[in-house]
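> got a sequence here, can you build the structure:
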Amino acid sequence: MKMIQTKTFPQAWLEACEHLLAKSSWEDTTVVLHIDDPTHMSREDKQVANTLDRFLVAHDEHSNHTVAETIFPAYEYVHRGVEGVFKTYPDEIFPRIESHDDARHWGTYAYRLLRRTDAKGKTYNPLEDLIEKMRQKQAVRASYEVGLGLDADVATYDGDKDRRLRLGGPCLSHLSFKLLANAVHLTVMYRFHYYIQRAFGNLLGLARLQSFVAKQVGASSGPLVCHSTLAVLDHGKAWNKSAVQALIASCRPQSVEHGSSAPRE
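All right, here's what the predicted structure looks like:
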């Protein structure tokens with residue numbers, strides 16, 4: 001297991017990659033990232049992001065931004081505001097995404113957060129409901145769960161659709177929002193996490209989602225905690241181990257930022 005605390009998520013991602021690289025299996029259970037300021041990116045962080053993006057695109061994989069959009073539709077938010085998130089994306093954009101083969105196993109998180117059907121067959125918006133509850137109870141300490149499918153929760157895992165899948169399905173299984181001292185804290189759990197192909201984009205999308213919720217509530221963004229129950233430094237068909245080692249080496253000298261917290265065991 002490994003606990004890492006840093007100021008920004010690119011720093012956390014790189015330190016986690018370094019940890020996995022030191023493992024003989026290139027994987028580990030219980031890798032926990034505590035990111036103090038998920039909305040901040042230094043110049044060095046942006047260089048790491050660009051280096052990883054070039055690597056992914058060169059190997060015909062999705063960019064960090066594309067992966068992030070599967071968690072929070074930032075493009076629609078920037079161009080159409082809240083309506084773009086709550087209405088345009090789930091009602092107009094996602095139906096086009098859903099027809100793609102990849103959507104059977106990946107890329108549906110944002111839709112799962114924005115559209116659900118209750119026991120009576122009524123469609124509702126879980127994220128909008130969560131934000132409204134946070135607004136109503138802003139003056140008190142509160143916690144809001146997203147992932148178990150209970151009364152006030154939003155299920156990323158859908159038993160009706162996902163239980164028969166032997167492979168694939170949502171790796172992001174739980175999101176927990178907390179409103180503490182007028183700051184929105186977010187803790188998430190991944191059951192399986194590919195650190196080269198997905199993790200950086202996942203963290204980017206989660207940071208955007210957290211910032212969106214905070215703005216709607218009228219609060220600031222607090223820390224982001226990401227718990228990967230199994231973290232993997234992925235390699236195989238798209239790239240080999242040598243390519244991964246070269247990628248991490250190319251990011252390493254660009255990632256140092258004075259004042260970042262040291263990793264903790």
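> which residue ranges of this structure form strands?
Taking DSSP state E, the strands of the chain run over residues 2-6, 27-35, 116-117, 123-124, 142-146, 172-180, 183-190, 193-194, 220-232.
> show the average pLDDT along the fifth one.
Confidence over strand 142-146, taken as the mean pLDDT, stands at 68.
> out of the strands of the chain, which is closest to Val213?
strand 183-190 (5.4 Å; C-beta to C-beta). Any C-beta I mention is one placed from the backbone N, CA and C, and that applies to glycine too.
> in the stretch 101-250 of the chain, where is pLDDT below threshold?
Along the stretch 101-250 of the chain, the parts satisfying pLDDT under 70 run over 101-106, 137-144, 146-169.
> rewinding a little: let me know which of the strands of the chain is the nearest to Asp91.
Smallest distance to Asp91 across the strands of the chain (C-beta to C-beta): 10.2 Å, for strand 123-124.
> list the helices and strands the closest one packs on?
strand 116-117 (3 or more C-beta pairs under 8 Å, 6 or more residues apart in numbering; DSSP states H and E).
> strands paired with the strand it packs on, and their directions?
strand 123-124 (antiparallel) (DSSP bridges).
> distance between the partner strand and the chain's centre?
Put simply, strand 123-124 sits 23 Å off its chain's centre (C-alpha atoms, centre = their mean, to the nearest Å).
> which helix of this structure spans the most residues?
helix 200-217 (DSSP state H).
> how far does that one sit from its chain's centre?
8 Å.
> name the residues that touch stretch 83-96?
72-73, 76-78, 80, 108, 110-111, 114-115, 125, 127-128, 212 (C-beta atoms under 8 Å, 6 or more residues apart in numbering).
> how long is it end to end?
18 Å (C-alpha to C-alpha, to the nearest Å).
> then stretch 79-93?
Span of stretch 79-93 from end to end, C-alpha to C-alpha: 13 Å.
> if we can go back for a sec, and of the strands of the chain, who's closest to Arg54?
strand 193-194 (17.9 Å).
> list the strands paired with the closest one, with their directions.
Strand 193-194 is paired, per DSSP bridges, with strand 220-232 (parallel).
> centre-most residue in the protein?
Asn202 (3.3 Å; C-alpha atoms, centre = their mean).
> shouldn't Ser173 be in contact with His193?
No. The pair Ser173 / His193 is not scored as a contact, 10.8 Å apart, by C-beta atoms under 8 Å.
> these two: who's more crowded?
The neighbour comparison of Ser173 against His193 (other C-beta atoms under 10 Å) goes to His193, with 23 against 17.
> ok, the more buried one touching His227?
No. In this structure, His193 is not within contact of His227 by C-beta under 8 Å, at 9.4 Å.
> residues in contact with the residue nearest to the centre of the chain?
67-68, 71, 172, 190, 193, 226.
> picking that back up, filter the contacts of stretch 83-96 down to the buried ones, ChimeraX style.
What follows is the ChimeraX syntax selecting those of those that are buried according to 16 or more other C-beta atoms under 10 Å:
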select :72,73,76,77,108,110,111,114,115,125,127,212
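> so which of the contacts of stretch 83-96 is the closest to Phe177?
Nearest to Phe177 among the contacts of stretch 83-96 is Leu127, at 9.8 Å by C-beta to C-beta.
> just the helices in the stretch 1-150 of the chain please.
Counting by DSSP state H, counting those that start in this stretch, one finds helices in the stretch 1-150 of the chain at the ranges 9-21, 43-58, 64-69, 74-83, 94-98, 109-114, 126-136.
> please tell me how far Ala249 sits from Ala243.
11 Å (C-beta to C-beta, to the nearest Å).
> neighbour count: those two, which is higher?
Neighbour totals were compared for Ala249 and Ala243, and Ala243 leads with 15 against 10 (other C-beta under 10 Å).
> which residues touch stretch 53-68?
49, 52, 74, 196-198, 200-202, 204-205, 208, 238-239, 243, 247.
> now stretch 213-226: buried residues?
In stretch 213-226, counting by 16+ other C-beta under 10 Å, buried: 213-214, 216-217, 219, 221-226.
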